[in-house]
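**Q** This is a predicted model, with the sequence first.
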Number of protein chains: 2
Amino acid sequence: MAVRQKAEQRQQTRNRILDAAEELFAQRGYEGVSVRQIMRQAGADVSLAYYHFKSKRDLFDQVMLRRVETLNDLRLQALEAVERRHPDDAPTVEEIIGAFTSPLLDLLATEHEDWTHYFQLIAQINSSPEWGGELMTRYFDPLVSRFIEALRKALPDVSEADLYWSYHFLSGALTLTFAETGRIDNLSGGICRSSDMRAISKRMPHFLAAGFRALASRD
Amino acid sequence: MAVRQKAEQRQQTRNRILDAAEELFAQRGYEGVSVRQIMRQAGADVSLAYYHFKSKRDLFDQVMLRRVETLNDLRLQALEAVERRHPDDAPTVEEIIGAFTSPLLDLLATEHEDWTHYFQLIAQINSSPEWGGELMTRYFDPLVSRFIEALRKALPDVSEADLYWSYHFLSGALTLTFAETGRIDNLSGGICRSSDMRAISKRMPHFLAAGFRALASRD
DNA sequence: GTCTATAGCTTGATAGAC
DNA sequence: GTCTATCAAGCTATAGAC
C-alpha cells in the first residue's frame, strides 16, 4: 500500500515537471528556458529534474513523447472511421483532412489546458531548421504516410510531387493555426481570434481541400 | 579619404556581424545563440558587438530591420505592377498572391545566400507565441493590409472573417515553405526538395488561390 | 575602432546528507 | 525521493588601454 502511494506520487511529480516543461518550452522554446525555471514552476527542487530525467534534452524528448501516441492514435481512428463510411468508394478530400485536423480541435475543446501548449510546441519545432526536419519526421511520418495514401486514392490523377507539396502547405497552415500567436487578432482588428476553434474548423478543411484539388486537376 | 575608408570598414564590420547573427539566429533561434558565437563566426572580438549594437536584443532587431524594407518594397511594387495591368477590372487572386510570394522566390534565385537565412528566421518568429504576434504585426501588417484590400476587390462576396483566415492559412504555408527544414525531403523519400523554388512557385499560388476562392464562394 | 580583462550572473549537472 | 551545497563553464555587458 505504501509502495503504491510512493509510485503514485512519483508519477505525480514527474507529470508536474512535464507539464511545466511543456508550457515553458511552448512559450519560449528549448533554449529559451532553463531547468531551474521549469522546476520553479513545477514547485520542486532543481535536483529532482535530474532524478526523474537524464538531462534537459531527455526532459524535452519525454515532453514530446508523452502526447504523440495519443494524438496519432486518435487521428488514425478518425481516418479509419471515415473509411468505414465508404466501403465501396473513396472518401472525399475534406473528410480525410477532417480526420487529420479534427482530433486536435476535439482535444482542445475537451482538455484545452493540457493540449494547447503541446500544439504550440509542435508549431515551433515544425518551423525550425534545427529541429523541424528530424523531429517531425520521427514522430509523425508513419501516420502522415498513411494519410497521404488515403489522399492518393481520393485524388487518383494527382502526381506524387503535387501530393507531397499539398501536404506540406497543409502542414504549415495547420501548425501556425495551432500556434495561437495572436497575430490574426491584431491583423484583423479583433474580427478573428486565434483561439476561436469553431471558426477554424469551419474553414480550414475546406480551404485546404480546395488547394489539394486545384493541384490535382491542374492542366 | 582616410575618413571615408574608416566609415566603409565600419559598415563592413557591422554587416559581417549582422550576417553572422542572421545565420545563427535562423538556425538556432534567438536564445539558442550567444553573442560570443556570433562574433566568433563574424571573426571579430566580443566587445565589438557592443560597440556596434546596444545589446543582443538590439542586434536582433537590426537583423530584422535590415531586410524588411527591401522585401516590403518589392512586394508592393509587384502588387502595383499587377494592378497596372488591370486598369478596369480587378486582378485575379493568383496574380495578387503571386505578387506577395514571387519577390521571395526572386530574391532567393538572385541573392540566395543573403536571403535564405532571413526567411528561415521569419518562419520561426511567425510560429512563436512569444514573438509571433507582436513582431509580425509590427513589421508586416501595413503591407499585408494593402494585399488584403486587393484580395477583397478580387473576391467581392467574401466575408471579412473568411478573408483574414484565408490569409492566415497562406501565411502558415508560406513561412513553413521558406523555412527549408528538409522535412518534405524526408517525407517524400527524395521526390520533393525543400530548396526547389521552381517546384514551389509552380504550386503555391495556385494551391492558395483555390483555398481563398473556396471560402469566398462557400454557400 | 579594436583589443584585454573582468565583473556579476546564470547555466546544466552532480555529490552527498537524510 | 527530496533536500543543501557546489562546481565548472558559459553568459551579457562594460571599463579602460591603445
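**A** That came through, no problem.
**Q** Give me the domain ranges for chain A.
**A** According to the domain assignment given by automatic domain parsing, chain A is divided into the following structural domains: A:1-53, A:66-216.
**Q** In a markdown table: the ones you listed, plus mean pLDDT.
**A** As requested, the domains of chain A are arranged in a markdown table below (pLDDT from 0 to 100):
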| stretch | mean pLDDT |
| --- | --- |
| domain A:1-53 | 91 |
| domain A:66-216 | 96 |
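**Q** Looking at those, which is nearest to DNA strand C?
**A** Each of these was scored for nearness to DNA strand C using C-beta to the nearest atom of the strand, and the closest is domain A:1-53 (3.2 Å). The way it works is simple: take the backbone N, C-alpha and C, and place the C-beta from them, glycine included.
**Q** Does chain B have contacts with the closest one?
**A** Yes - part of domain A:1-53 sits close enough to chain B to count as contact by C-beta under 8 Å from any C-beta of the partner chain, namely A:26-32.
**Q** Buried deepest among the domains of chain A, which one?
**A** For the domains of chain A, the stretch with the most neighbours on average is domain A:66-216, a mean of 19; neighbours defined as mean count of other C-beta atoms under 10 Å in any protein chain shown.
**Q** What residues does chain A have near DNA strand D?
**A** Contact residues (C-beta under 7 Å from any atom of the strand) of chain A with DNA strand D: A:6-7, A:9-10, A:13, A:44-48, A:51.
**Q** same thing but 10 Å
**A** The interface of chain A toward DNA strand D, taken as C-beta under 10 Å from any atom of the strand, is made up of A:3, A:5-14, A:16-17, A:36, A:39, A:42-48, A:50-52.
**Q** before we move on, back to that, turn the domains of chain A into a markdown table, including distance to B:P87.
**A** As requested, these are exported to a markdown table (distance: least, C-beta to C-beta, whole Å):
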| stretch | distance to B:P87 |
| --- | --- |
| domain A:1-53 | 48 |
| domain A:66-216 | 28 |
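**Q** Could you point out which of those domains sits nearest B:T110?
**A** domain A:66-216 (21.6 Å; C-beta to C-beta).
**Q** Distance from that closest one to the middle of the chain?
**A** 8 Å (C-alpha atoms, centre = their mean, to the nearest Å).
**Q** and it, how far apart are its ends?
**A** For domain A:66-216, the separation between the terminal residues is 36 Å (C-alpha to C-alpha, to the nearest Å).
**Q** List the contacts of the helix or strand hosting A:S102.
**A** Taking DSSP states H and E as the criterion, A:S102 maps to helix A:93-110. The list of residues contacting helix A:93-110 from outside it, by C-beta atoms under 8 Å, 6 or more residues apart in numbering or on different chains, reads A:71, A:74-75, A:78-79, A:81-82, A:85, A:114-116, A:119, A:147, A:150-151, A:154-155, A:170, A:174, A:178, A:197, A:200-201, A:204-206, A:208-209, A:212-213.
**Q** How far off centre is the longest helix along chain A?
**A** In chain A, with assignment by DSSP state H, the single longest helix is helix A:56-84. Averaging C-alpha positions (C-alpha atoms, centre = their mean) puts helix A:56-84 8 Å from its chain's average.
**Q** how about it, does it reach chain B?
**A** No - judged by C-beta under 8 Å from any C-beta, helix A:56-84 and chain B are separated, with a smallest distance of 12.8 Å.
**Q** Tell me the helices and strands packed up against that helix.
**A** For helix A:56-84, the helices and strands in contact under the criterion 3 or more C-beta pairs under 8 Å, 6 or more residues apart in numbering or on different chains; DSSP states H and E are helix A:2-28, helix A:35-42, helix A:93-110, helix A:112-126, helix A:132-154.
**Q** quick one: the last one to helix A:93-110, angle?
**A** It refers to helix A:132-154. Relative orientation of helix A:132-154 with respect to helix A:93-110: 130 degrees, computed using axes from the mean of the first three to the mean of the last three C-alpha atoms, to 10 degrees.
**Q** For helix A:132-154, list the C-alpha coordinates in CSV.
**A** Taking C-alpha atoms only, helix A:132-154 is exported to CSV below (Å, rounded to 0.1, in the frame of the first residue of the first chain):
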residue,chain,number,x,y,z
GLY,A,132,11.9,20.5,-37.8
GLY,A,133,13.2,18.1,-40.4
GLU,A,134,14.3,15.4,-37.9
LEU,A,135,11.8,15.5,-35.2
MET,A,136,8.6,15.9,-37.3
THR,A,137,9.9,13.1,-39.4
ARG,A,138,10.5,10.8,-36.4
TYR,A,139,7.2,11.5,-34.7
PHE,A,140,4.7,12.0,-37.4
ASP,A,141,5.9,10.5,-40.7
PRO,A,142,4.4,7.0,-40.3
LEU,A,143,1.0,8.5,-39.6
VAL,A,144,1.3,11.1,-42.3
SER,A,145,2.2,8.5,-44.9
ARG,A,146,-1.0,6.7,-44.0
PHE,A,147,-3.0,9.9,-44.7
ILE,A,148,-1.1,10.6,-47.9
GLU,A,149,-2.1,7.1,-49.1
ALA,A,150,-5.8,7.9,-48.4
LEU,A,151,-5.4,11.2,-50.2
ARG,A,152,-3.8,9.5,-53.2
LYS,A,153,-6.9,7.3,-53.5
ALA,A,154,-9.3,10.3,-53.2
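**Q** so what does the following helix or strand past that helix touch, helix or strand wise?
**A** Heading C-terminal from helix A:132-154, the first helix or strand you meet, by DSSP H and E, is helix A:160-179. When contacts are defined as 3+ C-beta pairs under 8 Å, 6+ apart, helix A:160-179 sits against helix A:93-110, helix A:112-126, helix A:132-154, helix A:197-216, helix B:160-179, helix B:183-187, helix B:197-216.
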